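Dropping a prediction and its sequence here:
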Amino acid sequence: MVELRELRTCPATGVVVLINDAWPDAPLPALAPSDPCWACSDPGPVLARRGRLVAVPHPVPALGVEGEVRAKVERPGVRRDAVGVHELMFGGHDEADPDALILAFERIEDLRRDRRLRGFSLLRRAAPGRHPLWELFAIPTDLAPTDARAWCAHELVDGRRLIARSDGAVAIAAWAPVAPFEVWVLPEAGDGDFPVAHVGVARLAERVLGAMARWLGGPEVRMTVEWGTPWRIVLRPRLALGLATDAVGLPGHGVFPERAAAELRGVLG
Ligand SMILES: [Zn+2]
């Protein structure tokens, strides 16, 4: 077999990725089930509700609302307070609720009233036996939005990296994946602000996540919401990487997105 090596630049984010299929990537050991489950036992004060979903403050927040946003120049560098908000959102123990994105949107609208908060990130770590928890981070700097419209339109015509489409949503293997099997799920129309078409996108992301977990043997999968036109859910399974080029600022692994798309299409049927 001839090994393939490529450097790919993401058309939406500009990130450069090294893919070398001579370096196999292996699943990391599954996370132990959370027992006792913190979210089921002692989640603390509820900030907001939507159906069975609740938003609560993170018990050990990465950022805090107290402090000043202003940078302080001090030898030998610059320091600033980690001003921001870190919250958790969740529903039932074994269910991923597509309305989590609507609750997140409502929390973001509320947090925006604090004029110091400018950038918002959403992360969910999914693993078998673990309570699905969304983490919401609000930080005092803007996150630059990306424009994925031209890329998405091209991918829909090309088809080699297209994995699935349903309910106004499409799932496409990333052109320059920073992690093996990275998949972007986004509204098919290609425009519209978050959370337009949220239910179709969230449901398709869950289906692809299930297929990914079955195919890879159940590693943790990180799901993030990324801003831009259009907004999207990005899925990245955690695998032990053969390449360690991320240590020099060049994310690398061994799975070409064309192979990832073909394998995930096969699992989805
Ligand atoms: Zn639980």
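Noted; the coordinates are in hand.

Pull the CA coordinates from the longest helix along the chain and hand them back as CSV.
If you go by DSSP state H, the chain has its longest helix at helix 198-216. Extracted C-alpha coordinates of helix 198-216, given in CSV (Å, rounded to 0.1, in the frame of the first residue of the first chain):
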residue,chain,number,x,y,z
HIS,A,198,-31.5,23.6,15.5
VAL,A,199,-33.7,20.5,15.8
GLY,A,200,-32.6,19.0,12.4
VAL,A,201,-29.0,19.8,13.1
ALA,A,202,-29.0,18.5,16.6
ARG,A,203,-30.8,15.3,15.6
LEU,A,204,-28.5,14.6,12.7
ALA,A,205,-25.5,15.3,15.0
GLU,A,206,-26.8,12.7,17.5
ARG,A,207,-27.2,10.1,14.7
VAL,A,208,-23.7,10.6,13.4
LEU,A,209,-22.4,10.6,17.0
GLY,A,210,-24.0,7.2,17.5
ALA,A,211,-22.6,5.8,14.3
MET,A,212,-19.1,7.2,15.2
ALA,A,213,-19.3,5.6,18.7
ARG,A,214,-20.3,2.2,17.2
TRP,A,215,-17.7,2.3,14.5
LEU,A,216,-14.9,3.3,16.9
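
Taking the stretch 151-269 of the chain, what residue is nearest to the ion?
Glu220 (16.2 Å; Cβ to the ion). Every C-beta, even on glycine, is put in place using the N, C-alpha and C of the backbone.

Look up how far Cys10 lies from that residue.
Using Cβ to Cβ, to the nearest Å, Glu220 is found at 23 Å from Cys10.

So which elements touch the helix or strand of the chain with the lowest mean pLDDT?
Least confident helix or strand of the chain, by mean pLDDT, DSSP states H and E, is strand 26-27 with a mean of 84. Judged by 3 or more Cβ pairs under 8 Å, 6 or more residues apart in numbering; DSSP states H and E, the packing partners of strand 26-27 are strand 239-240.

Pairing partners for the strand it packs on, with directions?
Applying DSSP bridges, strand 239-240 is found paired with strand 26-27 (antiparallel).

what's near enough to touch the nearest residue to Glu182 once chain neighbours are set aside?
Among residues not flanking Glu182 along the chain, Ala174 sits closest, at 4.3 Å (Cβ to Cβ, 6 or more residues apart in numbering). By Cβ atoms under 8 Å, 6 or more residues apart in numbering, Ala174 lies in contact with Cys10, Arg161, Glu182, Val183, Trp184, Val234, Pro257.

Can you tell me how far whatever residue of the stretch 101-250 of the chain ends up closest to the ion is from Trp184?
Residue nearest to the ion within the stretch 101-250 of the chain: His131 (3.5 Å; Cβ to the ion). Per Cβ to Cβ, His131 is found 25 Å from Trp184.

which one of these two has more residues nearby?
Between His131 and Trp184, counted using other Cβ atoms under 10 Å, the more crowded position is Trp184 (26 against 19).

what about the more buried one, is that helix, strand or coil?
strand (DSSP: H, G, I helix; E, B strand; the rest coil).

contacting residues around Ala104?
Counting by Cβ under 8 Å, 6+ apart, Ala104 has contacts Met89, Leu122, Trp134, Leu136, Pro195, Val225.

Quick check: of those, which lies closest to Val73?
Nearest to Val73 among the contacts of Ala104 is Leu136, at 30.7 Å by Cβ to Cβ.
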